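A.B. asks: got a structure for you, letters missing:
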(Lines give C-alpha, C1' and ligand atoms only; values in the text may rest on other atoms or scores of the structure.)
Protein backbone atom coordinates (compact mmCIF):
# COMPACT_ATOMS: atom_id res chain seq x y z
CA UNK A 1 0.00 0.00 0.00
CA UNK A 2 1.26 3.48 -0.90
CA UNK A 3 1.94 5.81 2.02
CA UNK A 4 1.25 9.51 1.32
CA UNK A 5 2.05 12.23 3.82
CA UNK A 6 -0.57 14.97 4.25
CA UNK A 7 -0.47 18.31 6.05
CA UNK A 8 -3.41 20.44 7.14
CA UNK A 9 -3.20 24.19 6.50
CA UNK A 10 -5.47 27.11 7.21
CA UNK A 11 -7.91 27.76 10.00
CA UNK A 12 -10.68 25.43 8.80
CA UNK A 13 -10.10 21.83 9.80
CA UNK A 14 -11.60 19.17 7.51
CA UNK A 15 -11.50 15.40 7.82
CA UNK A 16 -8.63 13.71 6.04
CA UNK A 17 -9.72 12.14 2.75
CA UNK A 18 -11.05 8.65 3.32
CA UNK A 19 -12.38 5.71 1.35
CA UNK A 20 -16.11 5.34 1.98
CA UNK A 21 -16.25 1.62 1.14
CA UNK A 22 -13.80 -1.27 0.93
CA UNK A 23 -13.96 -1.24 -2.88
CA UNK A 24 -13.76 2.52 -3.41
CA UNK A 25 -11.01 3.73 -5.76
CA UNK A 26 -11.21 7.35 -4.62
CA UNK A 27 -11.01 9.15 -1.31
CA UNK A 28 -13.42 12.01 -0.71
CA UNK A 29 -12.04 15.55 -0.45
CA UNK A 30 -14.01 17.97 1.71
CA UNK A 31 -14.59 21.71 1.36
CA UNK A 32 -12.46 23.77 3.75
CA UNK A 33 -14.91 26.65 3.90
CA UNK A 34 -15.70 29.02 6.75
CA UNK A 35 -19.20 29.66 5.40
CA UNK A 36 -21.44 28.24 2.67
CA UNK A 37 -20.44 29.00 -0.92
CA UNK A 38 -23.15 29.63 -3.52
CA UNK A 39 -22.54 28.61 -7.13
CA UNK A 40 -24.94 30.25 -9.57
CA UNK A 41 -25.81 28.36 -12.76
CA UNK A 42 -22.76 28.47 -15.04
CA UNK A 43 -20.51 29.80 -12.26
CA UNK A 44 -17.19 28.24 -11.30
CA UNK A 45 -15.16 28.70 -8.13
CA UNK A 46 -12.00 27.34 -6.59
CA UNK A 47 -12.86 25.53 -3.37
CA UNK A 48 -10.04 25.02 -0.86
CA UNK A 49 -9.35 21.57 0.60
CA UNK A 50 -7.17 22.75 3.50
CA UNK A 51 -4.71 19.96 2.64
CA UNK A 52 -1.26 19.57 1.07
CA UNK A 53 0.13 16.19 -0.03
CA UNK A 54 3.61 14.75 -0.38
CA UNK A 55 3.00 12.46 -3.34
CA UNK A 56 5.85 10.02 -4.00
CA UNK A 57 7.82 10.31 -7.23
CA UNK A 58 6.27 8.14 -9.94
CA UNK A 59 2.71 8.88 -8.77
CA UNK A 60 0.08 11.54 -9.24
CA UNK A 61 -3.19 12.31 -7.51
CA UNK A 62 -6.21 12.83 -9.74
CA UNK A 63 -9.05 15.09 -8.61
CA UNK A 64 -12.31 13.70 -9.96
CA UNK A 65 -15.98 14.63 -9.70
CA UNK A 66 -18.41 13.05 -7.26
CA UNK A 67 -21.30 11.46 -9.12
CA UNK A 68 -23.89 12.45 -6.51
CA UNK A 69 -23.11 16.17 -6.87
CA UNK A 70 -23.30 15.88 -10.64
CA UNK A 71 -26.61 14.00 -10.64
CA UNK A 72 -28.42 15.97 -7.94
CA UNK A 73 -27.13 19.48 -8.60
CA UNK A 74 -25.23 19.52 -11.92
CA UNK A 75 -22.01 20.39 -10.05
CA UNK A 76 -18.79 18.84 -11.29
CA UNK A 77 -15.02 19.33 -11.32
CA UNK A 78 -14.25 21.62 -14.25
CA UNK A 79 -10.79 20.33 -15.16
CA UNK A 80 -11.52 16.66 -14.49
CA UNK A 81 -9.44 14.86 -13.86
CA UNK A 82 -7.17 17.47 -12.39
CA UNK A 83 -3.62 16.25 -11.85
CA UNK A 84 -1.60 16.91 -8.71
CA UNK A 85 2.05 16.30 -9.59
CA UNK A 86 4.46 14.59 -7.22
CA UNK A 87 6.57 17.75 -6.86
CA UNK A 88 3.64 20.04 -5.89
CA UNK A 89 3.47 20.84 -2.19
CA UNK A 90 0.80 23.54 -2.11
CA UNK A 91 -2.80 23.37 -1.00
CA UNK A 92 -5.07 21.30 -3.21
CA UNK A 93 -7.97 23.28 -4.62
CA UNK A 94 -10.97 21.95 -6.50
CA UNK A 95 -12.46 23.96 -9.37
CA UNK A 96 -16.21 23.33 -9.22
CA UNK A 97 -18.70 24.45 -11.86
CA UNK A 98 -22.47 24.49 -11.66
CA UNK A 99 -23.94 23.09 -14.89
CA UNK A 100 -27.37 22.92 -13.25
CA UNK A 101 -30.33 25.24 -13.73
CA UNK A 102 -30.51 26.32 -10.07
CA UNK A 103 -27.95 27.72 -7.68
CA UNK A 104 -25.99 25.13 -5.73
CA UNK A 105 -24.71 25.56 -2.20
CA UNK A 106 -21.43 24.04 -1.05
CA UNK A 107 -21.35 23.88 2.73
CA UNK A 108 -18.31 23.72 5.00
CA UNK A 109 -17.13 20.11 5.19
CA UNK A 110 -19.15 18.92 2.17
CA UNK A 111 -17.53 16.12 0.18
CA UNK A 112 -16.77 17.89 -3.11
CA UNK A 113 -14.46 15.63 -5.11
CA UNK A 114 -12.63 12.34 -5.15
CA UNK A 115 -8.88 11.88 -4.95
CA UNK A 116 -7.42 8.90 -6.82
CA UNK A 117 -3.72 8.06 -6.65
CA UNK A 118 -2.18 6.53 -9.77
CA UNK A 119 1.24 5.52 -11.05
CA UNK A 120 2.75 7.64 -13.79
CA UNK A 121 5.30 6.73 -16.42
CA UNK A 122 7.92 9.03 -17.91
CA UNK A 123 8.43 8.52 -21.63
CA UNK A 124 10.87 9.55 -24.32
CA UNK A 125 9.35 10.81 -27.56
CA UNK A 126 10.97 9.84 -30.83
CA UNK A 127 10.03 11.98 -33.82
CA UNK A 128 9.52 10.06 -37.07
CA UNK A 129 8.10 10.85 -40.53
CA UNK A 130 5.24 8.33 -40.27
CA UNK A 131 3.64 5.85 -37.89
CA UNK A 132 2.89 2.14 -38.28
CA UNK A 133 -0.58 1.63 -39.80
CA UNK A 134 -3.54 0.21 -37.88
CA UNK A 135 -7.04 -0.87 -38.88
CA UNK A 136 -8.49 2.33 -37.41
CA UNK A 137 -5.84 4.64 -38.83
CA UNK A 138 -6.41 8.33 -38.21
CA UNK A 139 -10.17 7.97 -37.66
CA UNK A 140 -11.20 10.33 -34.88
CA UNK A 141 -14.29 10.96 -32.79
CA UNK A 142 -17.04 8.45 -33.60
CA UNK A 143 -15.01 6.74 -36.33
CA UNK A 144 -15.50 3.28 -34.82
CA UNK A 145 -19.29 3.63 -34.83
CA UNK A 146 -21.86 3.91 -32.09
CA UNK A 147 -22.96 0.78 -30.24
CA UNK A 148 -26.71 0.30 -29.79
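C.D. replies: On my side now, so go ahead. Not measured: the values here are computed from a predicted model.
A.B. asks: angles on the backbone of the residue lying farthest from the centre of the chain, please.
C.D. replies: Here the chain reaches farthest from its C-alpha mean at residue 129, the gap being 36.2 Å by CA atoms, centre = their mean. Backbone geometry at residue 129, expressed as degrees, to the nearest 10, gives phi -70, psi -20.
A.B. asks: pull the residues that contact stretch 87-106.
C.D. replies: 9-10, 29, 31, 33, 36-55, 61, 63, 69, 73-79, 82, 84, 112-113, 115 (CB atoms under 8 Å, 6 or more residues apart in numbering). Heads up, the C-betas are built off the backbone N, CA and C, glycines and all.
A.B. asks: okay, and which of those map to helices?
C.D. replies: 69, 73 (DSSP state H).
A.B. asks: ranges for the strands of the protein?
C.D. replies: 5-8, 27-30, 37-39, 44-54, 59-64, 75-77, 82-84, 91-98, 104-106, 111-119 (DSSP state E).
A.B. asks: cool, thanks, talk later.
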